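Quick one, fold the following:
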Amino acid sequence: MDARESFLQLSDSLNQAVLGQTEVVERLLIALLANGHVLMEGLPGTAKTRSIKTLSKLIDSQFSRIQFTPDLLPSDVTGAEIYREQNGTFDFQQGPIFGNLVLADEINRAPAKVQAALLEAMEERQVTVASQTHPLPDLFLVMATQNPIEQEGTYPLPEAQMDRFLLYVRVNYPASDNELAILRLVRSEKSGQNEATTARISQEVIFSARKEVNAIHVAEGAEKYIVDLVLGTREPDRYEGDLPKWIRIGASPRGTIALDAAARAHAWLQGQDFVSPDNIRAVAPACLAHRVHLTYEAEAAGVTRTDVINTLLKVVVPT
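You can find the predicted model right below:
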């Protein structure tokens, strides 16, 4: 079985465990292939936690969960130096951030110092404690969640940290037929009727798949389309319509890099050896929505960031 067949099997297994959330499953696999992090926003009970926990069971990996609270300390995430009386030395005790797949639950409850510690880990793939730098595992993915309606005891994520996430995924309620299937699935799991196990994918398969993704061809026309989309968020005045009224600040060059990486991963999952405009359009909302900042007029009108990117895709066309 080659790397792509392994990922298709992984996708099937995830969709069987996380019903009605095919987009969430696809975005998780794209982040895994593109070596990026995911920010998921959705109401409680929409399988955000279940998604990453199921993925960790299907991959030969170590899963860690960090439940963010306002009183959390940076050392609770990164780890700390522990004094050993036996030999009078300090040993570094690793924190939960040293897992392969890390669930940062309710990340917007973390105070500024904790967010700063997490920022270094996400961007630099390392942790610095007591002037010592400790590298994180080669396979390292943070899936952060936040509740869009909870306000008490929350700290909005700084724009610098939002920009570190490769993808932003809005998780909605499942359809009614999926809700019925979820009910039956949970019932069968509790009764022990759904205990079939699938062989875990090794980390070497993931690294091999990433090499194949990096080798996906991106033609000059596709590259220009990626750049035009990002420039459209920075210079909305170039287009007629509501975009100039909605966009206050556009995406950074990190958005361009993210869109390129995610489009190549999407093309690879589709069995293509090149990136098409359809691949770019498929991942553009997830790559750019959290990097666009809205005007007060847009927020007052109830326009979402995803609405803005979907409008942008209508006015910016590939050449």
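
Show me the domain layout of this structure.
Domain segmentation of the chain under automatic domain parsing yields 3-190, 216-315.

so which of these gets nearest S208?
Comparing the domains of the chain by their distance to S208 (CB to CB), the top pick is domain 3-190, with 4.8 Å. C-beta coordinates here come from the backbone N, C-alpha and C atoms, glycine included.

and that closest one, how far apart are its ends?
Taking CA to CA, to the nearest Å, domain 3-190 runs 33 Å from one end to the other.

try stretch 170-178
Per CA to CA, stretch 170-178 runs 18 Å from first to last residue.

List the buried residues of that stretch.
Using 16 or more other CB atoms under 10 Å as the test for burial, stretch 170-178 gives R170, V171, P174.

ditto for stretch 178-192
Of all the residues in stretch 178-192, those buried under the rule 16+ other CB under 10 Å are I182, L185.

quick one: the helices in the stretch 201-319 of the chain?
Using DSSP state H, counting those that start in this stretch, the helices of the stretch 201-319 of the chain run over residues 203-214, 220-234, 243-246, 253-269, 277-288, 296-300, 305-315.

Report the inter-axis angle for the fourth one versus helix 220-234.
It refers to helix 253-269. With axes from the mean of the first three to the mean of the last three CA atoms, to 10 degrees defining the directions, helix 253-269 sits at 140 degrees from helix 220-234.

Convert helix 253-269 to PDB, retaining C-alpha atoms only.
The C-alpha trace of helix 253-269 is given here as PDB (Å, rounded to 0.1, in the frame of the first residue of the first chain):
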ATOM      1  CA  PRO A 253       2.600  36.600   2.900                       C
ATOM      2  CA  ARG A 254       2.200  33.700   5.300                       C
ATOM      3  CA  GLY A 255      -1.300  33.400   3.800                       C
ATOM      4  CA  THR A 256       0.300  33.000   0.300                       C
ATOM      5  CA  ILE A 257       2.600  30.200   1.600                       C
ATOM      6  CA  ALA A 258      -0.300  28.500   3.400                       C
ATOM      7  CA  LEU A 259      -2.500  28.600   0.300                       C
ATOM      8  CA  ASP A 260       0.200  27.100  -1.800                       C
ATOM      9  CA  ALA A 261       0.900  24.300   0.600                       C
ATOM     10  CA  ALA A 262      -2.700  23.400   1.200                       C
ATOM     11  CA  ALA A 263      -3.600  23.500  -2.500                       C
ATOM     12  CA  ARG A 264      -0.800  21.000  -3.200                       C
ATOM     13  CA  ALA A 265      -2.000  18.700  -0.400                       C
ATOM     14  CA  HIS A 266      -5.600  18.900  -1.700                       C
ATOM     15  CA  ALA A 267      -4.300  18.000  -5.200                       C
ATOM     16  CA  TRP A 268      -2.400  15.100  -3.900                       C
ATOM     17  CA  LEU A 269      -5.400  13.700  -2.100                       C
END
